[in-house]
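S.K.: Sequence first, then the predicted structure, then my questions.
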Amino acid sequence: MIKIVFLGTSDATPTAKRNHTSVLLNYEKENILVDCGEGTQRQFRKAKLNPCRITRILITHWHGDHILGIPGLLQTLSLSGYNKTLFIYGPKRTKNFVKNLLKTFVFARNYQIKVEEVGGKFLDEKDFYLEAESMTHGIPCNAYTFVKKGQIRIDKNKLKIAKISSVPLLKKLKEGKNISFDGKKYLAKDLTFKEEDKKISFIFDTSINSKIAPFVKNSDLLICDSSFSSSLEDRAKEYKHLTSKNAAEIAGKSNSKKLILTHLSQRYEKEPRKILAEAKKFFANSFLVNDLDIIEI
C-alpha cells in the first residue's frame, strides 16, 4: 500500500487553513518527503508522524515556499537521534543551494546528508523507482514520479484447488518458474498473475509545457499545481503556474486515473471549490485536498 499525506497545500502565501507545500509518500520502509515548506515540522506533529522516519527528500525547486522548512527539519533530526543517511534530490544547482543553506544556521549534525542533482530515472530499487523531469518555472525545477513495480502474485484460489502448499514451490512460482507437484506439471502463468505498476506523479510549480503529459502518462494519482482558475490564465502564465483547467486537461491527455488539485492561491481561501468545479468540467475524477488529508492506493 502507498500512503500519501498532504502536509501543506497552499501556494507561496500560507493561510490559516493551508500550510506551505509539502507531501509525504510512505511505502514500506520508505518515507519520501516531496518539498518542505515553512512549518512542515508542525504539520508532522499535527499528523502524528515521526520525522525521523524520513528516508529521502525530493525538492522540486528552490523557491522559499517549497524549501524554508528544511533548516528546522535538519536540526530536529539531529536532536532526535536520526541515524540514517538523508538523501536529498533536486534540480540543477541543488548541491550549491544545500551547501549554502547549511552555512546559514548552526547545529550539531550527527548524520550524513547525500545530495544529488537528478533527471530521468535516478533511483531504481527492487520494488519501486523514482524519475525526474525538468519543468518550466524560470529557475531549475523538477517534477517527479514514484512507481511501485508490479509484482507477480499467486492466485490463491487456483493454488487451493491444486492443493499446493510447499513454500519452495511457491517461491519458484513467484519467480515465474514452472513447477512439478504430485507428478503433475504446472505452468507459472496458469497459477499467477501480474500486478500492474502503481504510479504517483508530482507536478508542482510549472507553466504548461509539452513534457508534462508524457511524463505523467498512466498515473494512478496525479498530484498537480492548481494555483489559479482559468479566469486568471494570463496571471498563471506570468507567474509560470498551472490553472485547474490546465491540470484537468493534463490528466485527460495523460490517461491518468485520478487528479489531485493542490498548491491553491490564497485568493480561493473562501471558495476553494471553485477550483474543483472547474477541473471537474474537464476531468470528472478530480479531487481537491486540504492539509493533513490522506490518500491510500
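M.R.: Received the coordinates, thanks.

S.K.: Give me the phi and psi angles of Ser226.
M.R.: phi -140, psi 60 (degrees, to the nearest 10).

S.K.: check contacts around it.
M.R.: Leu242, Thr243, Ser244, Ala247, Leu261, Thr262, His263, Leu264, Ile275, Ala279 (CB atoms under 8 Å, 6 or more residues apart in numbering). (Glycine included, C-beta is placed from N, CA and C.)

S.K.: Same check on Phe215?
M.R.: Listed by CB under 8 Å, 6+ apart, the contact set of Phe215 reads Glu131, Glu133, Ala143, Thr145, Ser201.

S.K.: residues near the third one, how many?
M.R.: By the criterion of other CB atoms under 10 Å, Ala143 has 26 neighbours.

S.K.: Pairing partners for the helix or strand that it is a member of, with directions?
M.R.: Using DSSP states H and E, Ala143 sits in strand 142-148. With DSSP bridges as the test, strand 142-148 is paired with strand 128-134 (antiparallel), strand 198-203 (antiparallel).

S.K.: Adding mean neighbour count, distance to Leu232 and mean pLDDT as columns, could you present these in JSON lines?
M.R.: Below are those laid out as JSON lines (neighbours: other CB atoms under 10 Å; distance: least, CB to CB, whole Å; pLDDT from 0 to 100):
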{"stretch": "strand 128-134", "mean neighbour count": "20", "distance to Leu232": "25", "mean pLDDT": "98"}
{"stretch": "strand 198-203", "mean neighbour count": "25", "distance to Leu232": "18", "mean pLDDT": "98"}
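
S.K.: and of those, who's closest to Gly72?
M.R.: In this view, the strands paired with strand 142-148 are compared for proximity to Gly72 by CB to CB, and strand 198-203 is the closest at 22.2 Å.

S.K.: continuing past that closest one, what's the next helix or strand?
M.R.: Next along from strand 198-203, by DSSP H and E: helix 212-215.

S.K.: pLDDT averaged over that following helix, what's the number?
M.R.: What helix 212-215 shows for mean pLDDT is 98.

S.K.: how about that helix: buried residues?
M.R.: Buried residues in helix 212-215, counted by 16 or more other CB atoms under 10 Å: Ile212, Ala213, Phe215.

S.K.: Any idea how far that helix is from the middle of the chain?
M.R.: Between the centre of helix 212-215 and the centre of its chain there are 15 Å (CA atoms, centre = their mean, to the nearest Å).

S.K.: other SSEs contacting the helix or strand following that helix?
M.R.: Using DSSP H and E, the helix or strand that follows helix 212-215 towards the C-terminus is strand 221-225. Under the contact criterion of 3 or more CB pairs under 8 Å, 6 or more residues apart in numbering; DSSP states H and E, strand 221-225 touches strand 198-203, helix 244-253, strand 259-262.

S.K.: All the helices of the protein, residue numbers only.
M.R.: Along the chain, the stretches classed as helices by DSSP state H are 40-46, 64-67, 70-79, 94-101, 156-162, 167-174, 188-191, 212-215, 233-238, 244-253, 273-282.

S.K.: still on that earlier bit, of the buried residues of helix 212-215, which is the nearest to Asp155?
M.R.: Closest approach to Asp155 among those (CB to CB): Phe215, at 33.7 Å.

S.K.: And that closest one, how far from Ile203?
M.R.: Distance, Phe215 to Ile203, using CB to CB, to the nearest Å: 8 Å.
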